[in-house]
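1. Sequence plus predicted model, see below.
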Amino acid sequence: MATPLAARPSAGHGRSRGGRLRARRITGLAGLLGLLVVVSALSLAYGAHAVPLDAVWRALTDPAGGEHDIIVRSLRGPRTVVGILAGIALGVGGALMQGHTRNPIADPGLLGVNQGAAFAIVLAVVVFGVQGIHGFIWFGFAGALVAAVVVFLLGAVGGRGSTPVTLALAGAAVSALLYGLISAIVLGNQQGMETYRFWHVGSIAGRDFAVAGQIAPFLVVGLLLALANTPGLNALALGEDVATALGRDVRRTRILGILAITLLVGAAVSACGPIAFVGLIVPHLARAVTGPDYRWLVPFAGLIGAILLLAADVLARLVSADRLEVGIMLAIVGAPVFIVLVRRKGLARL
């Protein structure tokens, strides 16, 4: 018997539903941008010495060289900018990493980026005598890039190309090897041990605008590659065979994604150290709002990552008057949040 006309789903109903979803996503992006502005203002205002918000505004728009102007423009301004850049990079890198490995508990460090940067920085300090963040940031980025390339090549051994499983195994092996080499070097060198210890905690304190300028070009290129990678990731989510049938070059999509992850996370890690939990938690928070569409998931993850990192840094300053680094605070707060997230909603299937 024919279905009554009133009971049939109409094309207009589908368009209306799609329009509501798009409107919700756009509203969400606008809300996150507003929240990022608020958190950035708090980052400029609060710390060991609180600065009134009106004084923050004057320092940004009409500085007179007073104490508040110096605090905002020379200390907290660079720290806030670096925090935003690192948060965006780690959030987007985490979303790409989970998408490419089809692993809901993957983070960007799975490619060996963290240990690659650490090994290069230790070599720079111990072997070449490099001092200061401006000197060894380039070594850290180069080490992250080399480690990621090695992991990708090892994952592709056998002629069948890299797969989520081979990438994870190769990343774990390379990270373990580099960690052993780092330990062997720093245990016999006090200066290397101190540099590695403070860098490895994960911090955005003590960074200036020069550091932000050093990493910004790589982050811009990485973000452009990440956005270009989103259609391919949507296809890969359906399975490699389906993606191939849809005309996607799986190998090219993987290379593009891994290059984006390396640029984003390598730059952030070399400047700030391996800040934990941002790349792990943020994609799940973003996915709860956007769904599985990576065209929306990637920008949401970037904004949420920046907000989360800055908020944790402000909280660390309020709790310990600048003696607690953001990497430690994120580990303290992030672990319980992730456990609650898993218990309430479970991990999304990727």
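-> Great, that's in hand.
2. Give me the pLDDT for Leu111.
-> Leu111 is assigned a predicted lDDT (pLDDT) of 84.
3. repeat for Leu153
-> pLDDT for Leu153: 87.
4. Show me where the chain has its helices.
-> Listed in chain order, the helices found in the chain under DSSP state H are 11-45, 53-61, 67-70, 77-101, 113-126, 133-155, 164-186, 190-201, 209-236, 240-245, 250-272, 278-290, 294-320, 326-345.
5. Remind me what the shortest one packs against, helices and strands.
-> Think helix 67-70. In terms of contact count using 3 or more Cβ pairs under 8 Å, 6 or more residues apart in numbering; DSSP states H and E, helix 67-70 is assigned the packing partners helix 53-61. Every residue, glycine included, has its C-beta placed from N, CA and C.
6. Identify the residue spatially nearest to the residue most central in space within the chain, adjacent ones excluded.
-> With distances taken as Cα atoms, centre = their mean, the residue of the chain nearest its centroid is Leu90 (0.4 Å). Among residues not flanking Leu90 along the chain, Val278 sits closest, at 4.1 Å (Cβ to Cβ, 6 or more residues apart in numbering).
7. next one: Val333
-> Using Cβ to Cβ, 6+ apart and skipping the chain neighbours, the partner closest in space to Val333 is Ala312 (6.3 Å).
8. The one you found against Ala331, yeah?
-> No: applying Cβ atoms under 8 Å as the test, Ala312 and Ala331 come out as separate, 9.5 Å apart.
9. more crowded one of these two?
-> In terms of neighbours (other Cβ atoms under 10 Å), Ala312 is the more surrounded of Ala312 and Ala331; the figures are 28 against 16.
10. Neighbours of the residue nearest to Leu90, how many?
-> Each residue near Val278 was counted by other Cβ under 10 Å, and the total is 31.
11. who's in contact with it?
-> Residues in contact with Val278, defined by Cβ atoms under 8 Å, 6 or more residues apart in numbering, are 87, 90-91, 94, 305, 308-309, 330, 334.
12. 10 Å - rerun?
-> 86-91, 93-94, 107-108, 202, 268, 301, 304-306, 308-309, 312, 326-327, 330, 334 (Cβ atoms under 10 Å, 6 or more residues apart in numbering).
13. Could you measure from it over to Ala41?
-> In this structure, Val278 and Ala41 are separated by 21 Å, where distance is defined by Cβ to Cβ, to the nearest Å.
14. And for Gly266?
-> Look at Gly266 and Ala41: by Cβ to Cβ, they are 30 Å apart.
15. repeat for Phe338
-> From Phe338 to Ala41 the distance is 27 Å (Cβ to Cβ).
16. Over to Ala335?
-> Between Ala335 and Ala41 the distance is 28 Å, computed by Cβ to Cβ.
17. what's the burial count for Ile332?
-> A count of nearby residues for Ile332, using other Cβ under 10 Å, gives 15.
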